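Student: Coordinates for the following, if possible.
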Amino acid sequence: MMGHLVNLLHGTVFLNKLYPNDFPKLFKQKTCSHTGNLGKFHKYNGAPLAWQGSGQLANHVANSVNHEIYFSNGGELNGIPHIRTLREFPREELFGKVAMVRFDSNILLRRECDKKNQSVYNATYTIKYLHEAGANVILVSDWNMNTPEFHIESVADFVSEVLQIQVVPLHGSSFNKLSKTNGLEKENILLLENLSNIKEEVANSLEFARVLSSGVDIFVNDSFSNSHKVLASTVGVTRFCYVCIAGFHFEERLCLLKNLAEESRKPYVAILGGGNLYDKAASFQFLASRCQGFVFVGMMSFQVMHALGVSVPRNLVDHKAFNEALDIVRLARDRNVQILYPKDFWCRKKCDPTQLQVFPSHEISDGWVPVDLGPASLEEICSMLTNCKKIIWIGPVKFTDSSKYTYGASKLTRILEQLSQNSCEITVVGTMASKLVRQEKSSLSLINMVENASVLWEFLKGRKLPGVMAVDRGYPFEINWNSIYSDPAQSLVVDIGSGNGLFLLEMARRKQDLNFLGLEINEKLVLRCLDSIHQFGIKNGYFIATNATSTFHSIVSSYPGELVLVSIQCPNPDFNKPEHRWRMLQRSLIEAVVDLLAPNGKIFLQSDVEAVAIRMKEQFFRYGKGKLDLEHGQSEWLEENPFGVRSDWERHVLERGAPMYRMMFTKSSDIRKV
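Tutor: Take a look at the predicted model:
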């Protein structure tokens, strides 16, 4: 089992070279590739260019001009990154772990909890999947405290019935009480107390989040409807759990949101209802960049009609939103987006609510108020939507007054129901619209529903969703190693936080029988490094712009060869502060490195800050699963860099006479139980 030794290390140190189908279905993820022209390796006096980090290649790395290179740093789309999900997390690593699930009470605690509903199915599947994988599952959420049947005992009984697994209520907000509680069966699922009306939850109290997550290993966020809020149970707890991932329901909703941004199906039309145009105006930049038509219904339509110069009763005009409405009209004209507004309304007589009459939208008589869309409006909407391939309906067909004798919203729902059966992709957003669809739609229709419109409006405004951003990042694309390396079967060396790439590029030049990969979060530095790779024809080196803390496992696990060396050099010294959630050296990264490293593989760590070096050493010993030993029983810092290749920062530190604190770990070839 031990292969040939690679004389990679300088001097006497050597590097050894050793040799779920039932998931819920989601939208397919797109892939992207890196393209660029391969350059020839520059030669001077007939020999390959040699350098030590200070020659022409070093200057080229520092000063190269960016050219068009396509790669991904995590798949961000309109403020939404590609996040790490339960689907992607290794199932075997769930066994014996404490997993806290933040579930959506609006889904699981609904009276008419329909298990055939996709959202309900995914929400229950998240919990069942964790439980069946051997995790100790704790549930936490908020729900209406004013209803007697929603006391914690009743909620536990209700969820037990839905899951068909015993759920045990725990009075308190900390899982640590479990260790002090007798008589609880290990196979049971635990439910923490209701978070509703706890002010620390809404305030995202750091101390409350610490208590809430104490004893928890893995946090699973499955409450997408709260992703636009900053809560202790969705954002704060991610600072204390070493793995934070999205559940199946959260992932499905996020995929649906991303799908709304896709432009592949045209014509794409947005039906826009409700009111408060002033606060929603920012969303139209996004919509106008993707849609070919806007259909205005409800109170919002009066503001747009007023901006278009259509006569509108003064009491229906929101003067505060006039400038925003004008901007929307101009934006639609600039982007060639068709605007459709109601041409007639059913109106109710103010003095006699039973009297109804249809009026043209520009000729509503005094003493009458609009209550619903008129027949001509619905006919025109139907005509416009007939050839559509994609429709989003946001907000209700609702006016200041309404009437039980008119059915405009129901007729609009039936129009969409028919279109959905003719291969039109339809998404309905909002509580009232979703309720109407449930009443009208057939079992064969394919209408996506998002009940919480607030999340979508925030997304359309281009704002980052805190609950999404707090979850660990994941790498979204399958890497074609054959297109990156001339021989992808060679052993791999990974430099985490590769910076300007000088260390890795020189290592790649010296050791042609190894492949080298730099993982760096700074896109500009990666572009420069990739430019140098192609400029100098390096066939065994590559760089990826990514947050290695959460993507290391998904990237390196797909590599066909062995991982023989990982280096982390001079990480930011602020990473050990708890408020810095995304700093590099975290338990999840260390465990991923140790799991993927080949037997007898090396981990090289160094820093110019002694406290950081000590912290790194402690962290690798703590989370190394008992598989790591310091090289040759090393008790002091290594005096010299064992590779004979210095990074730019290391050279800078040594030139000013400051020390470097270095260490080398070796992964044991023996299998030891911890």
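Student: all contacts plus neighbour counts: C-alpha atoms, from now on.
Tutor: Noted.
Student: The stretch 251-400 of the chain: helices as residue ranges?
Tutor: Using DSSP state H, counting those that start in this stretch, the helices of the stretch 251-400 of the chain run over 277-280, 284-288, 300-307, 322-334, 375-385.
Student: What residues sit buried inside the first one?
Tutor: Buried residues in helix 277-280, defined by neighbour count with 16 or more other C-alpha atoms under 10 Å: 277-278, 280.
Student: Tell me the one of those residues nearest Arg510?
Tutor: When those are compared for distance to Arg510 (C-alpha to C-alpha), Lys280 wins out at 57.5 Å.
Student: Which residue is the nearest non-sequential neighbour of that closest one?
Tutor: Once its chain neighbours are removed from consideration, Lys280 has its nearest residue in Trp457; the separation is 7.0 Å (C-alpha to C-alpha, 6 or more residues apart in numbering).
Student: one step back: tell me which of the helices of the stretch 251-400 of the chain sits most buried.
Tutor: Mean neighbour counts were taken over these using mean count of other C-alpha atoms under 10 Å, and the top value, a mean of 24, falls to helix 300-307.
Student: Does anything pack onto it? Which helices or strands?
Tutor: Of the remaining helices and strands, those touching helix 300-307 by 3 or more C-alpha pairs under 8 Å, 6 or more residues apart in numbering; DSSP states H and E are helix 322-334.
Student: Mind doing that once more with 10 Å?
Tutor: Contact partners of helix 300-307 among helices and strands, from 3 or more C-alpha pairs under 10 Å, 6 or more residues apart in numbering; DSSP states H and E: helix 277-280, strand 293-296, helix 322-334, strand 338-340.
Student: any chance of those in CSV, with distance to Ala611 too?
Tutor: Output for those, formatted as CSV (distance: least, C-alpha to C-alpha, whole Å):
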stretch, distance to Ala611
helix 277-280, 49
strand 293-296, 58
helix 322-334, 54
strand 338-340, 62
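Student: Identify whichever of the ones you listed lies nearest to Ser554.
Tutor: Go through the helices and strands packed on helix 300-307 one by one with C-alpha to C-alpha and the one that ends up closest to Ser554 is helix 277-280, at 37.8 Å.
Student: now that closest one, how far from the chain's geometric center?
Tutor: Once both centres are worked out by C-alpha atoms, centre = their mean, to the nearest Å, helix 277-280 turns out to sit 26 Å from its chain's centre.
Student: what's it in contact with?
Tutor: Under the criterion C-alpha atoms under 10 Å, 6 or more residues apart in numbering, residues 283, 299-304, 318-325, 457-458, 460-461 lie in contact with helix 277-280.
Student: let's see 6 Å
Tutor: Judged by C-alpha atoms under 6 Å, 6 or more residues apart in numbering, the contacts made with helix 277-280 from elsewhere in the structure are 300, 321.
Student: Can you show me the CA trace of it as PDB?
Tutor: Extracted as PDB, the C-alpha positions of helix 277-280 are listed here (Å, rounded to 0.1, in the frame of the first residue of the first chain):
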ATOM      1  CA  LEU A 277     -45.800  50.300  -5.000                       C
ATOM      2  CA  TYR A 278     -43.400  52.800  -3.200                       C
ATOM      3  CA  ASP A 279     -41.700  50.000  -1.300                       C
ATOM      4  CA  LYS A 280     -41.700  47.500  -4.200                       C
END
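Student: mean confidence for it?
Tutor: Averaged across helix 277-280, pLDDT comes to 90.
Student: Show me this protein divided up by domain.
Tutor: For the chain, whose domains are defined here by the TED database, the residue ranges read 86-256, 262-441, 475-667.
Student: Those domains into CSV, with extra columns for distance to Ile447?
Tutor: Formatted as CSV, the entries for those read as follows, by distance: least, C-alpha to C-alpha, whole Å:
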stretch, distance to Ile447
domain 86-256, 11
domain 262-441, 5
domain 475-667, 26
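Student: of all those domains, which lies closest to Phe23?
Tutor: Ranking those by their distance to Phe23 (criterion: C-alpha to C-alpha) puts domain 86-256 first, at 7.3 Å.
Student: returning to that earlier point: of the helices and strands packed on helix 300-307, which shows the lowest average pLDDT?
Tutor: helix 277-280 (a mean of 90).
Student: List just the one of the domains of the chain that sits closest to Leu465.
Tutor: Leu465 lies closest, by C-alpha to C-alpha, to one member of those: domain 86-256, at 4.8 Å.
Student: averaged over its residues, what pLDDT does the closest one have?
Tutor: 86.
Student: Do me a favour and get the end-to-end distance for it?
Tutor: One end of domain 86-256 to the other measures 17 Å (C-alpha to C-alpha, to the nearest Å).
Student: what do you get for stretch 475-487?
Tutor: 23 Å.
Student: low pLDDT regions in the stretch 251-400 of the chain?
Tutor: Scanning the stretch 251-400 of the chain for pLDDT under 70 picks out 400.
Student: quick one: buried residues of stretch 250-262?
Tutor: Along stretch 250-262, these residues count as buried under the neighbour rule (16+ other C-alpha under 10 Å): 250-258, 260-261.
Student: Those in strands, which ones?
Tutor: For these, membership in strands holds for none, with DSSP state E as the criterion.
Student: Now distance to Val429 too, for the residues you listed, in TSV please.
Tutor: Shown next, in TSV, are the buried residues of stretch 250-262 (distance: C-alpha to C-alpha, whole Å):
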residue	distance to Val429
Phe250	16
Glu251	17
Glu252	15
Arg253	12
Leu254	14
Cys255	15
Leu256	11
Leu257	11
Lys258	14
Leu260	11
Ala261	14
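Student: Kindly confirm whether my reading is correct that Val137 touches Val101.
Tutor: No. Between Val137 and Val101 there is no contact, the gap being 7.2 Å when judged by C-alpha atoms under 6 Å.
Student: ok, back up a step: so for Glu207, which of the helices and strands packed on helix 300-307 sits nearest?
Tutor: helix 277-280 (33.3 Å).
Student: Which single one of the buried residues of helix 277-280 is nearest to Tyr125?
Tutor: Looking at these and their distance to Tyr125, the nearest is Lys280, at 34.5 Å (C-alpha to C-alpha).
Student: measure that closest one to Ala270 for me?
Tutor: With C-alpha to C-alpha as the criterion, Lys280 and Ala270 are 14 Å apart.
Student: Check Val140 too.
Tutor: In this structure, Val140 and Ala270 are separated by 36 Å, where distance is defined by C-alpha to C-alpha.
Student: Looking at these two, which one has more neighbours?
Tutor: Here Val140 and Ala270 are set side by side on neighbour count (other C-alpha atoms under 10 Å), and the busier one is Ala270, at 23 against 19.
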